[in-house]
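K.L.:
Take a look and give me a structure for this.
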Amino acid sequence: MGLLAAACASLGAWIWLTLAQGMFWRTDVRLPPRTAPARWPSVAIVVPARDEAEVLPRSLPSLLAQDYPGEAEVILVDDGSTDGTAALARRLARAQPGLPLTVVSPREPEPGWTGKLWALRHGIAFARTARATEPEYLLLTDADIAHEPDSLRELVAAANSAGFDLVSQMARLRVSGFWERLVVPAFVYFFAQLYPFRRINRPTGRTAAAAGGCVLLRTAAAVRAGVPDAIRQAVIDDVSLARAVRDSGGRIWLGLAERVDSVRPYPVLADLWRMVSRSAYAQLRHRPLLLAGTVAGLVLVYLVPPAALFAGLAAGRPATAWAGGLAWLLMAGTYLPMLRYYRQSAVLAPLLPLTALLYLLMTVDSAVQHYRGRGAAWKGRTYARPSDA
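P.N.:
Numbers count the residues shown, from 1 in each chain. Model prediction:
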């Protein structure tokens, strides 16, 4: 009787998620309608980079080659790299005619700052003071993100046409090996479930999020929101950035990318595990009760359906089997659009409970590492307790 009740609760949760959670499972939220402005505003592209020599040859040239009608430049912030990132960036710029590149190297982050936001602070400050007039827009993009030649033009046209202060695209992550196929599409699916894009994009919505790999930000909005200083301790900096812009009266937009791709490989499970676990407990604001609730929720929503189906069939309990099977069907059905977006086989859809179990373990491991004093460890730095900003 307990398993039947859990299966019915899971089925109810999936009916609610499918119909009432902002249609999170749909993947048709792309750049809004846009027209070319009469005058193209100036843009500074700021790229924080720490030990990115492996991916830079596949990303930086795409930024230098942007076909943008207005004034634009690339500022790469070398955040204490030890692998020759700065020198490589300069060599790539010499070999690639296009937008001008400036490489700046700030000192180590001051106490209370996470590394990426410290790098962004210096890149934004340089962009605003190095020229006679500050840029009207800032494109904040990670060192592992490659852009098609028209990416900047389309982002600026979208922001300018609709009056957005922040336009962000969730870059299409690399999906090649087995573990990437199993984990990566689900990463974006879970993100959209937590932060439904349609709710974010409502002018009066309260939900706020962005995708840190590609954020076009109006400079005036950044100044008004006080970013990045106002969110300097945030490990999950993209969500905090979007919230700060919205709280200061700015309009934000988030959707899936069509011509912006991550080139960073995650060939083994350990790489993906680190990507998720470094910030999972920070997402839960380091609260044990939220962790317990998250684990219970993942078990109920993702693990109960297959358990109820198989247990119900084995024990001759059709009601349990039907409830579990229907919940699993809704789960797999809502996952299919994301698999199609990533050009993956529908065979992966029924495996979502397995992927959810991996994410559950990653989240628990994130908490364990936090209480061991490792916090959000990334590229040689550890952030013990980020702000709730």
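K.L.:
Wait, residue 114 touches residue 236, no?
P.N.:
No. Residue 114 lies out of contact with residue 236 (CB atoms under 8 Å); the separation is 9.8 Å. (Each C-beta comes from the backbone N, C-alpha and C, glycine too.)
K.L.:
between the two, which one's more packed in?
P.N.:
When residue 114 and residue 236 are compared for neighbours, residue 114 comes out ahead with 23 against 18, by other CB atoms under 10 Å.
K.L.:
List the neighbours of stretch 196-211 that are in contact with it.
P.N.:
The contact list for stretch 196-211, computed with CB atoms under 8 Å, 6 or more residues apart in numbering, reads 21-24, 26, 29, 166, 168-171, 191, 194-195, 238-239, 241-243, 245-247, 251-256.
K.L.:
Looking at those, which are in strands?
P.N.:
166, 168, 169, 170, 171, 252, 253, 254, 255, 256 (DSSP state E).
K.L.:
and the residues you listed as CSV, adding distance to residue 79?
P.N.:
As requested, the ones in strands among the contacts of stretch 196-211 are arranged in CSV below (distance: CB to CB, whole Å):
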residue, distance to residue 79
166, 23
168, 21
169, 23
170, 23
171, 20
252, 26
253, 28
254, 25
255, 28
256, 28
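K.L.:
quick one: which of those is nearest residue 58?
P.N.:
residue 171 (12.9 Å; CB to CB).
K.L.:
can you give me the helices for the stretch 101-250 of the chain?
P.N.:
115-129, 151-162, 178-194, 197-200, 219-225, 237-247 (DSSP state H, counting those that start in this stretch).
K.L.:
Of those helices, which is nearest residue 326?
P.N.:
helix 178-194 (18.8 Å).
K.L.:
ok, and for that closest one, which residues are buried?
P.N.:
For helix 178-194, the neighbour count (16 or more other CB atoms under 10 Å) marks 179-193 as buried.
K.L.:
what does stretch 342-352 give?
P.N.:
342, 344, 348, 349, 352.
K.L.:
re earlier: closest one to residue 49 among the helices of the stretch 101-250 of the chain?
P.N.:
Nearest to residue 49, of the helices of the stretch 101-250 of the chain and by CB to CB, is helix 115-129 at 7.6 Å.
K.L.:
pLDDT (mean, whole number) over the closest one?
P.N.:
Averaging pLDDT along helix 115-129 gives 95.
K.L.:
do the same with stretch 153-169
P.N.:
The model assigns stretch 153-169 a mean pLDDT of 97.
K.L.:
correct me, but residue 7 touches residue 304?
P.N.:
Yes. Assessed by CB under 8 Å, residue 7 is found in contact with residue 304 at 6.0 Å.
K.L.:
who has more neighbours, those two?
P.N.:
residue 7 (29 against 26).
K.L.:
and the more buried one, what is it in contact with?
P.N.:
Residue 7 neighbours (CB under 8 Å, 6+ apart): 304, 305, 308, 312, 320, 323, 324, 327.
K.L.:
Number of residues surrounding the last one?
P.N.:
Translated: residue 327. Residue 327: 28 neighbours (other CB under 10 Å).
K.L.:
Which element, helix or strand, includes it?
P.N.:
Using DSSP states H and E, residue 327 sits within helix 318-341.
K.L.:
residues of that helix that come out buried?
P.N.:
Judged by neighbour count using 16+ other CB under 10 Å, the buried positions of helix 318-341 are 320-332, 334-335, 337-339, 341.
K.L.:
wait, doesn't residue 52 sit right on residue 145?
P.N.:
No. Residue 52 lies out of contact with residue 145 (CB under 8 Å); the separation is 10.7 Å.
K.L.:
if we can go back for a sec, are any of the contacts of stretch 196-211 buried, and which?
P.N.:
By neighbour count, with 16+ other CB under 10 Å, the contacts of stretch 196-211 hold 21-24, 26, 29, 166, 168-171, 191, 195, 238-239, 241-243, 245-246, 251-256 as buried.
K.L.:
circling back to that earlier point, so which of the buried residues of stretch 342-352 is the closest to residue 107?
P.N.:
Distances from residue 107 to the buried residues of stretch 342-352, taken by CB to CB, are shortest for residue 342, at 39.8 Å.
K.L.:
Find the nearest non-adjacent residue to the closest one, please.
P.N.:
Spatial nearest neighbour of residue 342, excluding adjacent residues (CB to CB, 6 or more residues apart in numbering): residue 185 at 4.5 Å.
K.L.:
This completes my enquiry, with thanks.
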